[in-house]
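Undergrad: I need the structure of the sequence given here:
(chains A and B)
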Amino acid sequence: MNHIYECSILLVDDNSQLLSMVTHLLGQEGYQSLRTAGSCREARECLAHKLPELIILDVMLPDGDGFSLFQEIRMKADIPILFLSARDEDQDRLLGLGLGADDYLTKPFLPRELILRVNAIVRRAYLSGRSSLVSSPILTLGERTVHFDQAVVASSAGEIPLTAKELLILKKLYENRGKIVTFDALCDAVWGDGYYTYENTLMVHIRRLREKLEEEPSHPKYLLTARGIGYRLI
Amino acid sequence: MKDLLKIYRRFILTAATICILIIIFNLVLLLFFLWQQFGYKSKDDYASYRINVLSSQLTQKEGQYKLSPEAQKQIDAHYAFAMLISPEGQVVWSRNLPPDIPRSYSLMEVASFTRWYLKDYPVKVQTRPDGLFVAAFPRHSLWKYTMEFKEELLYNLPPNLLLLLLCNLLLIFGLAMLFGRRFYASLRPLTEGIQKLTGEKVLTLPQQGFVGELAKKLNQASAILIFQRKALEKRDNARTNWIAGVSHDIRTPLSLIMAYGDHLSRSPHLNPEEQKEAASIRENSLLIKHLISDLNLTSRLEYDSYPLQQKAYAPAALLRSLTAAYLNDGLEAPWDLELSLDPHLDRVTLTGDPDLLRRAFRNLINNSIQHNPTGCQIRIQGDLAVQGVRLTFSDTGVGIPVRVIKALYRAQNTEKDTSFPHVMGLRIVKQILEAHGGRVEFLLQGENCHSVVITLPVSRLSPNPP
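TA: Numbering: from 1, shown residues only, chains lettered A, B, ... in the order given. Reported below is the predicted structural model:
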């Protein structure tokens, strides 16, 4: 698969209008190979004919439940499955995800959300080898470049090594680039523990990171503080 | 069980008191009887029993015995007969002497009757210088018995009587204990039954014994309670399930409305005004989605059918993550969200359902955003107070009207009152906090509330840092 839109998708839902709407949405997005099934029986027939690369599955079907069908499918093939259900109780969501579903979206949903989730699943399942951090572990911040695989910050002045902890902090911030990452999430990612114990240590690491990443560490441009909440990598 | 022991102690004490009172009563009665028998007598009656008085009334004058008229009257009234026996054993004087009574007596005969009976007549004797005065009561009127006791026995009588009394008291106390214990044993299943009355199972107390009737009633009461509880649960479940079912059925058509509304809002075939209308359909569908979700949650919280996913969480981390989520989702001017945390709060770990609490906090923040479309400053403050963790959500906007807060509290009591404004969001906040043992306070500033204070009880503090 060269592109996510080459992915063949099977939609299973007993509401024909919803099937037509979702087909329309995915079609508009660019997915071309779309099939629909209104019941478990129809879904089995589709699967017997040809295995899809993604299944969007409703939980409540006229001749069975989606969870059982999910298990049946997974016995045969490891196809990514997204549950699209009107059942929004935590137990149902946990059951679906616990069974191994790739995602669980409750109705009613925003069309864009469904598209983004489908795209994410397909990308993760079939095109993950080309994803950002793994394929290009380089972060450019102005004049400086961070090489994650070598754990160094390169600039015209030379290379400055990053410590293991600094690298972990930077990776976490990079994965959520543009977003605030709370102190707690950072401490959890680096030390696997709460912020209270590592408050000062985290501050020290951030200061050192700024010294390595920023032109003017006292007036950071890339590694910003969200006061009282966390840090953000621009 | 403590109450039962108290009853048991009181029972023994009461039983012992009753017995002591009975002994005292009997003693008083005995004394009264004795006084009646021997103390309370008229002078005449008294004299009739005093043989020496009668004897002294018999005088000898010129060889003739003469009894005073008073003594004669006494003998006629109270005695069968009287006689005087000379030292030689001959009857020398008599009054009303029956013919079957001998007129002379041997020493042995005298020795025999003086103590007991003379021909079945109970007699009393009085020695005189000239003989033996004998007065006999009518047959079957007096029971005579000669008592003999060892002196030692009489000498030890007071301590022995005391010992007897003590033994009696001990016996009474012992019996009271024994019966009390039996009483206690029969009551115990009843008290255990009362304690189990609020349990899940129907009581099956044994219906024998003297508390059998009570046990039977208790079993019946338990069965009625269980039946009513089940009926109530059934009704609550039916209501929750009905709401869940309806909201489930609404979800699929709402998905279509949202999707098509969204599609139309972007359609190049529609003019901007129509696109705006379509966007409004999408936004309102989204609102309905949240309302359905709130309705489901509030009904489940109301009937305790929402299982809390209890786990340890740090409230400071929760607030930071919540604030970060809003800022990361693009909350910006005209709204300003600020978080201010007491450094001590980082030490606190609470137990609860953080996802549910996050939802409650989101409801408060969303209220500030939704009701202040022109923007406002929203501030979240977290402190460690004596009562627990205190979280204050305040804004500089229009605030929550007093009538909404009043409706929030009224809604719990009068569910059928539909006149109150929409308070579901705040109601969920209150329900979630109450499910966590917490408290929600609405601080009024004039007619509106600008600060909602949440207090969560502290379970434990994190240890000091290494």
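Undergrad: can you list the domains in the chain?
TA: You didn't say which chain, so I picked chain A. Domain segmentation of chain A under automatic domain parsing yields A:4-130, A:135-233.
Undergrad: sorry, should have said chain B
TA: Domain assignment for chain B by automatic domain parsing gives B:2-40+B:163-184, B:47-136, B:213-302, B:311-461.
Undergrad: Pick the most buried one from the ones you listed.
TA: Of all those, domain B:311-461 has the most neighbours on average by mean count of other CB atoms under 10 Å in any protein chain shown, namely a mean of 17. Every C-beta, even on glycine, is put in place using the N, C-alpha and C of the backbone.
Undergrad: What mean pLDDT does that domain get?
TA: Model confidence over domain B:311-461, given as mean pLDDT, is 84.
Undergrad: Give me the contact status of that domain with chain A.
TA: Yes: applying CB under 8 Å from any CB of the partner chain, one finds that domain B:311-461 is in contact with chain A at B:314, B:316-317, B:320-321, B:323-324, B:327-328, B:339-341, B:346-347, B:355.
Undergrad: any idea which of those residues is closest to residue B:144?
TA: Distance ranking of the residues of domain B:311-461 next to chain A against residue B:144, using CB to CB, places residue B:347 first at 100.5 Å.
Undergrad: so the closest one touches residue A:196, yeah?
TA: Yes: using CB atoms under 8 Å as the test, residue B:347 is close enough to residue A:196 to be in contact (5.6 Å).
Undergrad: Report pLDDT for the closest residue to residue A:39 other than its chain neighbours.
TA: Using CB to CB, 6 or more residues apart in numbering or on different chains and skipping residues adjacent in sequence, the residue nearest residue A:39 is residue A:63, 4.9 Å away. pLDDT recorded at residue A:63 is 88.
Undergrad: Which residues are in contact with residue A:63?
TA: Residues in contact with residue A:63 (CB atoms under 8 Å, 6 or more residues apart in numbering or on different chains) are A:39, A:40, A:41.
Undergrad: Is there a quick PyMOL command that grabs whichever of those residues are buried?
TA: Selection command for PyMOL covering only the buried members of the contacts of residue A:63, criterion 16 or more other CB atoms under 10 Å in any protein chain shown:
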select buried, chain A and resi 39+40
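Undergrad: List just the nearest of the contacts of residue A:63 to chain B.
TA: residue A:39 (15.3 Å; CB to the nearest CB).
Undergrad: Report the buried residues of whatever helix or strand residue A:125 lives in.
TA: Assigned by DSSP states H and E, residue A:125 belongs to helix A:111-126. Within helix A:111-126, the residues scored as buried using 16+ other CB under 10 Å are A:111, A:114, A:115, A:117, A:118, A:119, A:121, A:122, A:125, A:126.
Undergrad: any chance of the domains of chain B in CSV, plus distance to residue A:32?
TA: Shown next, in CSV, are the domains of chain B (distance: least, CB to CB, whole Å):
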stretch, distance to residue A:32
domain B:2-40+B:163-184, 79
domain B:47-136, 139
domain B:213-302, 19
domain B:311-461, 33
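Undergrad: looking at the ones you listed, which is closest to residue A:155?
TA: Of all these, it is domain B:311-461 that lies closest to residue A:155, at 29.5 Å by CB to CB.
Undergrad: and that closest one, how far from the chain's centre?
TA: Relative to its parent chain, domain B:311-461 has a centroid offset of 42 Å by CA atoms, centre = their mean, to the nearest Å.
Undergrad: Please apply the same query to stretch B:51-59.
TA: Between the mean C-alpha location of stretch B:51-59 and the chain-wide mean there is a distance of 75 Å, by CA atoms, centre = their mean.
Undergrad: returning to what we had before: which among the buried residues of helix A:111-126 are in contact with chain B?
TA: Answer for the buried residues of helix A:111-126 near chain B (CB under 8 Å from any CB): residue A:111.
Undergrad: residue with max distance from the center of chain A?
TA: Farthest-out residue of chain A from its mean C-alpha position, per CA atoms, centre = their mean: residue A:157, at 36.4 Å.
Undergrad: any idea how far the residue nearest the centre of chain A is from chain B?
TA: Geometric centre of chain A, nearest residue: residue A:120, 6.1 Å, by CA atoms, centre = their mean. For residue A:120, the distance to chain B equals 17 Å [CB to the nearest CB, to the nearest Å].
Undergrad: In the sheet, which residues pair with the nearest residue to that residue once chain neighbours are set aside? Tell me.
TA: Leaving out its chain neighbours, the residue that sits closest to residue A:120 by CB to CB, 6+ apart is residue A:103, at 7.8 Å. Beta-bridge pairing of residue A:103 under DSSP bridges involves residue A:82.
Undergrad: How confident was the prediction at residue A:103?
TA: Listed pLDDT for residue A:103 reads 92.
Undergrad: so it makes contact with residue A:121?
TA: Yes: between residue A:103 and residue A:121 there is a contact under CB under 8 Å: 6.0 Å.
Undergrad: which ones are touching residue B:402?
TA: By CB under 8 Å, 6+ apart, the contact list for residue B:402 reads B:444, B:447, B:448, B:449.
Undergrad: Show me what the helix or strand where the first one lies is packed up against.
TA: To tie it back to what came earlier, the one meant is residue B:444. Assessed by DSSP H and E, residue B:444 sits inside strand B:439-445. In terms of contacts (3 or more CB pairs under 8 Å, 6 or more residues apart in numbering or on different chains; DSSP states H and E), strand B:439-445 is packed against helix B:402-413, helix B:424-435, strand B:448-456.
Undergrad: quick revisit: farthest pair in the residues of domain B:311-461 next to chain A?
TA: Among the residues of domain B:311-461 next to chain A, B:328 and B:347 lie farthest apart (CB to CB), at 26.4 Å.
Undergrad: quick check: longest helix of chain A.
TA: In chain A, taking DSSP state H as the definition, the longest helix is helix A:195-213.
Undergrad: How far away from the center of its chain is that helix?
TA: 27 Å.
Undergrad: Check the model's average confidence along the next helix or strand after it for me.
TA: Using DSSP H and E, the next helix or strand after helix A:195-213 towards the C-terminus is strand A:223-226. Throughout strand A:223-226, pLDDT has a mean value of 88.
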